[in-house]
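K.L.:
Only the shape, not the letters, is given here:
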């Protein structure tokens, strides 16, 4: 944070956040000025000027054990929600690859609910380069793909079985490995060529008549399945 | 569907949908008329007039095995996504209880991606009445609650253990029971008094620094955990 603008009313509410001698410059503004500083219909009364958040791929992927690698995510709500979910699942990084929505879009940041400041996010225009960087960092790349050859629920059963020593099959260990989940565009899914670059393609079982899950919902199931399996060992 | 308006260009694309002598009245309109019929920036070229979708609680809950019971859901994207996820998880119904967003809000319907036409949705102004109806229908009511006394990942482990005959504990059977998941408001969570009415309160483990998950993401994990456990038996 570089600088903070806050209304007198909000100063009281955010007192704990604003304390500290080494904090940013704080400027009091009235409600009218606040309204012009934010797009929100009901402003929280505090606006912060921050440095840009995105980091280079090379600073973010190496050393990670759980990464959300989004290719061509376009909806700011989805992108922000995936950052929030990656944080909640204890993931290490998010990569916004290809022609993706701007991380600094106000809707993306709001949907991340603060997690854009917790989880490092890299922006990489070339999705192939992002997949190669993940593999070079020792991550298994799993593509979330409705037509995938592996079933997520079966992988979760196998991971539990492996953890209790009931199996030494490679599938049992799969979800517990350091993993990058490769997620596609909300309308078109993953490009076939990109999905083919993944180590495996994993489908989420659809039990009803929906064609698919919302992108952020699918990401939630994938990331939590890995988080649970990784923590069990 | 009562009546359909479609542009000449879209007639070709949606030919299979529009066929059939017993279908609704179809009226051709030009692009300008289409633009005035929809809020979408990029209209699909087809607008249908439909009967209202919501049904009475008594027609929807009895006989169900998996229900999403949303109390005070306000964001149309969340409500629609929960309808879509309930459908994908093979759930039987959604209840929008309390002061909830309108099921017929265009954003709710778009976020449901068609599932509002697959899954029966009830609207019930009184959340207490909705919980009582679920319990009267023999459903176990599980509240998704960050401060819950049960842990979702542990319940999933217990359900797997119970399914392989390794345990006869009651927790093992819990997720496999016919269930209504009680979900709260996106900003304030569940009202304490309402959460207390549930049979159990279940927390989703948060491994990182996020305070919570997005409502629709939390619903996805809960509904899929039940769907998997119910189908395993």
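P.N.:
Arrived safely, thanks for sending. Source: prediction; values computed, not measured.
K.L.:
hey, let's count contacts and neighbours off CA atoms from now on
P.N.:
Noted.
K.L.:
Can you name the helix or strand that the closest residue to residue A:37 other than its chain neighbours falls in?
P.N.:
If the residues on either side of it in the chain are set aside, residue A:37 comes closest to residue A:47, at 7.2 Å by CA to CA, 6 or more residues apart in numbering or on different chains. In this assignment (DSSP states H and E), residue A:47 forms part of strand A:46-49.
K.L.:
Just name whatever secondary elements that strand is in contact with.
P.N.:
strand A:3-6, helix A:31-37 (3 or more CA pairs under 8 Å, 6 or more residues apart in numbering or on different chains; DSSP states H and E).
K.L.:
Need the residues that contact that strand.
P.N.:
Here strand A:46-49 makes contact (CA atoms under 8 Å, 6 or more residues apart in numbering or on different chains) with A:1-7, A:10, A:34, A:37-38.
K.L.:
so where do the strands sit in chain A?
P.N.:
A:3-6, A:25-28, A:46-49, A:66-71, A:93-97, A:121-124, A:140-144, A:150-151, A:179-183, A:200-203 (DSSP state E).
K.L.:
Now tabulate those in JSON lines and tack on mean neighbour count and mean pLDDT.
P.N.:
Shown next, in JSON lines, are those (neighbours: other CA atoms under 10 Å in any protein chain shown; pLDDT from 0 to 100):
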{"stretch": "strand A:3-6", "mean neighbour count": "19", "mean pLDDT": "92"}
{"stretch": "strand A:25-28", "mean neighbour count": "15", "mean pLDDT": "90"}
{"stretch": "strand A:46-49", "mean neighbour count": "16", "mean pLDDT": "90"}
{"stretch": "strand A:66-71", "mean neighbour count": "28", "mean pLDDT": "98"}
{"stretch": "strand A:93-97", "mean neighbour count": "28", "mean pLDDT": "98"}
{"stretch": "strand A:121-124", "mean neighbour count": "24", "mean pLDDT": "97"}
{"stretch": "strand A:140-144", "mean neighbour count": "25", "mean pLDDT": "98"}
{"stretch": "strand A:150-151", "mean neighbour count": "18", "mean pLDDT": "98"}
{"stretch": "strand A:179-183", "mean neighbour count": "28", "mean pLDDT": "98"}
{"stretch": "strand A:200-203", "mean neighbour count": "20", "mean pLDDT": "98"}
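K.L.:
What pairs with the strand holding residue A:47, parallel or antiparallel?
P.N.:
Partners of strand A:46-49 in the sheet, by DSSP bridges, are strand A:3-6 (antiparallel).
K.L.:
Run through the residues that contact residue A:64.
P.N.:
Contacts of residue A:64 by CA under 8 Å, 6+ apart are A:91-93, A:137, A:139, A:178.
K.L.:
Max pairwise distance over those: which two?
P.N.:
Using CA to CA, the contacts of residue A:64 span at most 15.1 Å, a distance reached by A:91 and A:137.
K.L.:
Out of these two, name the residue with the larger neighbour count.
P.N.:
More crowded of residue A:91 and residue A:137, by other CA atoms under 10 Å in any protein chain shown: residue A:91, with 26 against 17.
K.L.:
List the beta-bridge partners for the closest residue in space to the more buried one that isn't next to it in sequence.
P.N.:
Distance criterion CA to CA, 6+ apart; nearest residue to residue A:91, sequence neighbours excluded, is residue A:66 at 4.7 Å. Taking DSSP bridges as the rule, residue A:66 bridges to residue A:179.
K.L.:
residues touching residue A:66, list them.
P.N.:
A:90-93, A:178-181, A:223, A:226-227.
K.L.:
now residue A:113
P.N.:
Residue A:113 neighbours (CA under 8 Å, 6+ apart): A:80, A:84, B:210.
K.L.:
Verify the stated contact: residue A:200 with residue A:151.
P.N.:
No: between residue A:200 and residue A:151 there is no contact under CA atoms under 8 Å: 10.5 Å.
K.L.:
Return the residues of chain A in contact with chain B.
P.N.:
Proximity of chain A to chain B, by CA under 8 Å from any CA of the partner chain, involves residues A:81, A:84-85, A:87-91, A:113-115, A:118, A:153, A:157, A:160, A:205-214, A:216-217, A:220-221, A:228.
K.L.:
Fine, thanks again, bye for now.
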